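1. Quick one: sequence and predicted model below, then my questions.
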Amino acid sequence: MTRWPLTPRGTGAVLLGLASLVLAPTFSIPALVFVGVLLLAAVALSFASLWLGHRADGIQRSFAPAVAAVGGDVDVRVRVDSRSVLPTVLGTWQDRLPRGVEGEPSGVYPALRSGLVAGSHRVDLAYRVQARRRGVRPIGPLVVETTDPFGLTRRLQQLGDTVPLTIAPALMSLEGLDDLPGAAGGTMQSTTDKLGQGADNLIPRVYAPGDSMRRIHWRASAHRGELMVRQEERESNPEAVVVFDRSVARWSGDALRSPGEDPDFEAAVSTVVSAVARFVGEGYSVAVIDVDGSELVESIEGGDVAAVEAMATGFATLTARRDGALTELAPLFAGSTLGPVVVVTGEVYPVDAASLAPIVGHSSMPVLFALAGAGDALRVARESGWRVHRLEPEDELRDLWSGAGGGDGVRGHAR
């Protein structure tokens, strides 16, 4: 870093000292030579006191939370280990922030005693920032400005390197969806079925004519005082699918180049993460895929909050892709019956709406979030059975989900 090393006071002292040396012979005043030399010597000694015997031995920077979310606050703590032969006075410090992170990362750097007396010094600094854009943002380096005790010279030190701060997409806490399949959303469903199918739990029921004697549950019979037999119950984990159309044709070029640059794409990413979190909380096993069927993250089991957090962290660097077409999606659902299917995309065209229609018959709750619709595309999608919602950056996801959960009754979930 280059900056004029003298303060206004120091600059004035140098100019006055030089003027004294020049004017001394002109006016035959020998005392001016003494004054000039004294001023220049004072500045030189002050400069040496800052640069000799003063160093930073290490710097550590930490974030709380370690992974931020868009719109959230982050507490930054910086610890500097330094050593100084001579004492220093109060200075100033400033941490450098990138685009997408806002705050006031500056303050007063404390005075340090002589290291000959106190040894090394540990300085703790703290400030708070706001995460505004998704991505991995470099924080730092730390810049410290100190002056000598006379305020004649100053020194700028750049301490440490940058430390990456991961900013995940915003995750909204969504309200319950009253008409999700099942009485409790995606909680484990149970259906009575034949012996040997699925993961069976044995429960007793009253004996009925025709039941095999080998299925008699003797302990339950003794407890109930009547003949009981084993009935098999199969458990099934309900599944939801969240599809994210990342094709750059749906978004601006900024979404392809870097995360956090396209507001429309950012709204879509937040919608995807929030939908997954909601379904996992309801007990659904959730698959998160692109339009070609490729997994954006491994399937997440119901209730696995840690996996949702890991997904959100991974999505901090998610960008658009060059290829992909929404028309490729429908064949992926052929022959399957699922719970909710949520498709998040940009502008939808009539051909897209027509290609999505077959998915309706394979989902208990098909929901389409689209940035816009060309022509009557959104109307076609709605008439084919999709619950259609416009995806706009200023929309509150909570309001969108309230609309997604309303409307006509939902068909029963089956596997």
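-> Yes, it's here.

2. how near is Arg382 to Val280?
-> Applying Cβ to Cβ, to the nearest Å, the value for Arg382 to Val280 is 27 Å. Heads up, the C-betas are built off the backbone N, CA and C, glycines and all.

3. Comparing those two, which shows the higher neighbour count?
-> Set Arg382 next to Val280 and count neighbours by other Cβ atoms under 10 Å: Val280 wins out with 22 against 17.

4. residues in contact with the more buried one?
-> Taking Cβ atoms under 8 Å, 6 or more residues apart in numbering, we find Val280 in contact with 286, 300-305, 307-308.

5. all helices in this structure, in order from the N-terminus.
-> 8-27, 31-51, 115-118, 218-224, 253-257, 263-281, 305-314, 350-356, 377-383, 397-404 (DSSP state H).

6. Can you select the buried ones from the contacts of Val280 in ChimeraX?
-> The buried subset of the contacts of Val280, as determined by 16 or more other Cβ atoms under 10 Å, is captured in ChimeraX by this line:
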select :286,300,302,303,304,307,308
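
7. which of the contacts of Val280 sit farthest apart?
-> Farthest-apart pair in the contacts of Val280 is Val286 and Val305; separation 12.2 Å (Cβ to Cβ).

8. hmm, back to that, for the helices of the chain, which one ends up most surrounded?
-> Highest mean neighbour count of the helices of the chain: helix 263-281, a mean of 24 (counted as mean count of other Cβ atoms under 10 Å).

9. so what are the domain limits for this protein?
-> The chain is divided into the following domains under automatic domain parsing: 8-51, 54-168, 190-236, 239-404.

10. In a markdown table, list these along with mean pLDDT.
-> Shown next, in a markdown table, are the domains of the chain (pLDDT from 0 to 100):
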| stretch | mean pLDDT |
| --- | --- |
| domain 8-51 | 91 |
| domain 54-168 | 90 |
| domain 190-236 | 60 |
| domain 239-404 | 91 |
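
11. May I have the residues that are in contact with the residue nearest to Val143 when sequence neighbours are not counted?
-> Counting by Cβ to Cβ, 6 or more residues apart in numbering, Gln94 is the residue found nearest to Val143 once chain neighbours are left out, at 5.0 Å. Residues in contact with Gln94 (Cβ under 8 Å, 6+ apart) are 105-106, 142-143.

12. Of those residues, which belong to strands?
-> Secondary structure assignment by DSSP state E places 106, 142-143 of the contacts of Gln94 in strands.

13. tell me, what residue is most central in the chain?
-> Most central in the chain under Cα atoms, centre = their mean is Ala168, positioned 0.9 Å from the mean C-alpha point.

14. Please look at that one and Ala312 and confirm they touch.
-> Yes: counting by Cβ atoms under 8 Å, Ala168 does reach Ala312; the two are 4.2 Å apart.

15. can you list residues touching both of those two?
-> With Cβ under 8 Å, 6+ apart as the test, Ala168 and Ala312 both reach 67, 69, 273.

16. out of these, who's nearest Arg322?
-> Val273 (22.6 Å).

17. now stretch 314-329, how far from the centre of its chain.
-> Its chain's average C-alpha position is 18 Å from that of stretch 314-329, according to Cα atoms, centre = their mean, to the nearest Å.

18. end to end, how far does it reach?
-> Its start and end residues considered, stretch 314-329 measures 23 Å (Cα to Cα, to the nearest Å).

19. Pull out the buried residues from it.
-> Under 16+ other Cβ under 10 Å, the buried positions of stretch 314-329 are 315-316, 318-321, 324, 326, 328-329.

20. can I assume Leu171 is in contact with Gly71?
-> No: under the criterion of Cβ under 8 Å, Leu171 makes no contact with Gly71, lying 9.8 Å away.

21. the more surrounded of these two?
-> Leu171 (22 against 14).

22. residue contacts, that one?
-> Leu171 neighbours (Cβ under 8 Å, 6+ apart): 69, 270, 273-274, 277, 312.

23. now Val273
-> If you count contacts by Cβ under 8 Å, 6+ apart, Val273 has them with 168-171, 308, 311-312, 315.
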